[in-house]
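Student: After the sequence you'll find the predicted model.
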Number of protein chains: 2
Amino acid sequence: MKLTTSFGPNPAVVTLFIAAKGLTVPTETIDIIAGENRQPGYLAKNPFGGTPLLELDDGTCLSESIAICEYLEELHPSPPLIGATAEARAVTRMWVRRIDLGYVQPMVAGFRGAEGLRLFENRMRCIPEGAATLKAMAGDGLAMIDRQLATSPFICGPQLTLADLLLQAFLDFGATVGQPLDPGLTHIATWRAQL
Amino acid sequence: MKLTTSFGPNPAVVTLFIAAKGLTVPTETIDIIAGENRQPGYLAKNPFGGTPLLELDDGTCLSESIAICEYLEELHPSPPLIGATAEARAVTRMWVRRIDLGYVQPMVAGFRGAEGLRLFENRMRCIPEGAATLKAMAGDGLAMIDRQLATSPFICGPQLTLADLLLQAFLDFGATVGQPLDPGLTHIATWRAQL
């Protein structure tokens, strides 16, 4: 097994997950600004060019950070970061999706359409005309998450899960690209200070 | 266990999944146009008001169609629609995510910002100024999926998986809201005719 990673929030989700599991995974860090992930050798493994990428010993190449975390959880169930039961896993997957669609995706699309436009416009289709609305959507998503954290120490209850790590990685990224956390979201601030 | 469902593509994903599993799940269909999913009783079970919703016998309420399908697969592993091995499940989850982020989400957001605007603008933040770009993104996503189906009878190889059902449900929806399949995407057309 080999993980190819880089800076950026999606790789950070997997890195946080591996650290919280206490695992050691052979890792290569590539330079995505220099375009190492756009070279033919890398594109043969992940045609979409994204990081991270987990290569299995049988040659299977897994991309998509959440799918990689699910795979690592299956191989190393303890400590559970998705869940120890089918019901707990379902709740974690529900919240991962709410955080992803409610906050992560609009935040990232808002960045790519505004501060990140020059970096991304030649790599993928961006939405500059919608960037302000996308950022506002991301704010709505964070307000929803703040309400959840008003009732619970972690996103899914008393235990840290992948949902918390996903949120942490993208809050860290958001703060560096002009979308810092609204200090009025005090439950998220408390949760973050405790992580 | 009880499934609360309605018309719409997300409920259709779960309905297709249950049918492909050969399961029978007690189901109630509610009228979302009349706002049955915005009543206090329903919102107590799913604060986001979406359908479908799976209520477990212990009172746990699961929303998010992909999380519901994952839960049903854990309870009823055969026939496998996510995968019989950790590696197969990882590949299915990777493709579910690529289809979701590459096609489903931009297609739906494009619809909500254009043809669906009057229906959705009082329910959630929409992106009318970005609708044309979002639809073009969805087209890029379908072209990516068409390239995958050029190499494989189903999205993840020789077997039907949740990735196929997700695509089917949203292609059906897209065709009804002004985003029909581009007939030039012949591999998708062939796959669809065989389903």
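Tutor: The structure has been received and is ready for your questions. Residues are numbered from 1 along each chain as shown, chains lettered A, B, ... in the order given.
Student: For residue A:35, grab the count of nearby residues.
Tutor: 12 (other C-beta atoms under 10 Å in any protein chain shown). (Glycine included, C-beta is placed from N, CA and C.)
Student: what do you get for residue A:66?
Tutor: 22.
Student: Touching, it and residue A:163? I think so.
Tutor: No. At 10.3 Å, residue A:66 and residue A:163 do not qualify as touching, with contact defined as C-beta atoms under 8 Å.
Student: got any residues that touch both of the two?
Tutor: Contact with both residue A:66 and residue A:163 is made by residues residue A:96, according to C-beta atoms under 8 Å, 6 or more residues apart in numbering or on different chains.
Student: got a list of contacts for the strand or helix carrying residue A:141?
Tutor: Following DSSP states H and E, the helix or strand that holds residue A:141 is helix A:131-149. Residues from elsewhere that reach helix A:131-149, judged by C-beta under 8 Å, 6+ apart: A:95, A:98-99, A:101-104, A:106-107, A:109-114, A:117, A:127, A:155, A:167, A:174, A:179, A:181-182, A:185-188, A:190-191, B:48, B:125-127, B:129-130.
Student: Output that helix as CSV, nothing but the C-alphas.
Tutor: This file holds the C-alpha atoms of helix A:131-149, laid out as CSV (Å, rounded to 0.1, in the frame of the first residue of the first chain):
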residue,chain,number,x,y,z
ALA,A,131,-18.9,32.8,-6.1
ALA,A,132,-20.6,35.2,-3.6
THR,A,133,-23.7,33.0,-3.5
LEU,A,134,-21.6,29.9,-3.0
LYS,A,135,-19.7,31.5,-0.1
ALA,A,136,-23.1,32.4,1.4
MET,A,137,-24.2,28.8,1.0
ALA,A,138,-21.1,27.6,2.8
GLY,A,139,-22.0,30.0,5.6
ASP,A,140,-25.5,28.5,5.8
GLY,A,141,-23.9,25.1,6.0
LEU,A,142,-21.6,26.2,8.9
ALA,A,143,-24.6,27.6,10.8
MET,A,144,-26.3,24.2,10.4
ILE,A,145,-23.2,22.5,11.7
ASP,A,146,-23.0,25.0,14.6
ARG,A,147,-26.6,24.0,15.6
GLN,A,148,-25.6,20.4,15.6
LEU,A,149,-22.5,21.1,17.8
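Student: Quick check: next helix or strand after it?
Tutor: Using DSSP H and E, the first helix or strand after helix A:131-149 is helix A:162-176.
Student: Could you list the buried residues of that next one?
Tutor: Of the residues in helix A:162-176, A:162, A:163, A:164, A:165, A:166, A:167, A:168, A:169, A:170, A:171, A:173, A:174 count as buried by neighbour count, 16 or more other C-beta atoms under 10 Å in any protein chain shown.
Student: show me what contacts the residue lying closest to residue A:26 once chain neighbours are set aside?
Tutor: Leaving aside its sequence neighbours, residue A:26 sits nearest to residue A:2 (C-beta to C-beta, 6 or more residues apart in numbering or on different chains; 5.0 Å). With contact taken as C-beta under 8 Å, 6+ apart, residue A:2 is in contact with A:25, A:26, A:27, A:28, A:54, A:55.
Student: Then residue A:23?
Tutor: A:72, A:76.
Student: how about stretch A:153-173 against chain B, any contact?
Tutor: No. Stretch A:153-173 does not reach chain B (C-beta under 8 Å from any C-beta of the partner chain); its nearest approach is 11.3 Å.
Student: as a whole number, average confidence for that stretch?
Tutor: Averaging pLDDT along stretch A:153-173 gives 98.
Student: For chain B, what's its nearest residue on chain A.
Tutor: residue A:130 (2.8 Å; C-beta to the nearest C-beta).
Student: Surely that residue touches residue A:113?
Tutor: Yes. With contact defined as C-beta under 8 Å, residue A:130 counts as touching residue A:113 (6.2 Å).
Student: any shared contact partners between the two?
Tutor: Going by C-beta under 8 Å, 6+ apart, no residue sits against residue A:130 while also sitting against residue A:113.
Student: and the one helix or strand residue A:88 maps to, how far from the chain's centre?
Tutor: Taking DSSP H and E as the criterion, residue A:88 maps to helix A:86-99. Its chain's C-alpha centre and that of helix A:86-99 lie 15 Å apart, by C-alpha atoms, centre = their mean, to the nearest Å.
Student: Which residues are in contact with residue A:156?
Tutor: So residue A:156 contacts A:83, A:88, A:91, A:92, A:95, A:163, A:164 (C-beta under 8 Å, 6+ apart).
Student: In chain A, where is pLDDT below threshold?
Tutor: Scanning chain A for pLDDT under 70 picks out nothing.
Student: contacting residues around the residue lying farthest from the centre of it?
Tutor: Largest separation from the mean C-alpha position in chain A: residue A:58, at 25.9 Å (C-alpha atoms, centre = their mean). Counting by C-beta under 8 Å, 6+ apart, residue A:58 touches residue B:87.
Student: Distance check, it against residue B:188.
Tutor: 29 Å (C-beta to C-beta, to the nearest Å).
Student: Buried residues, the helix holding residue A:141. List them.
Tutor: So for helix A:131-149, counting by 16+ other C-beta under 10 Å, buried means A:131, A:133-135, A:137-139, A:141-142, A:145-146, A:148-149.
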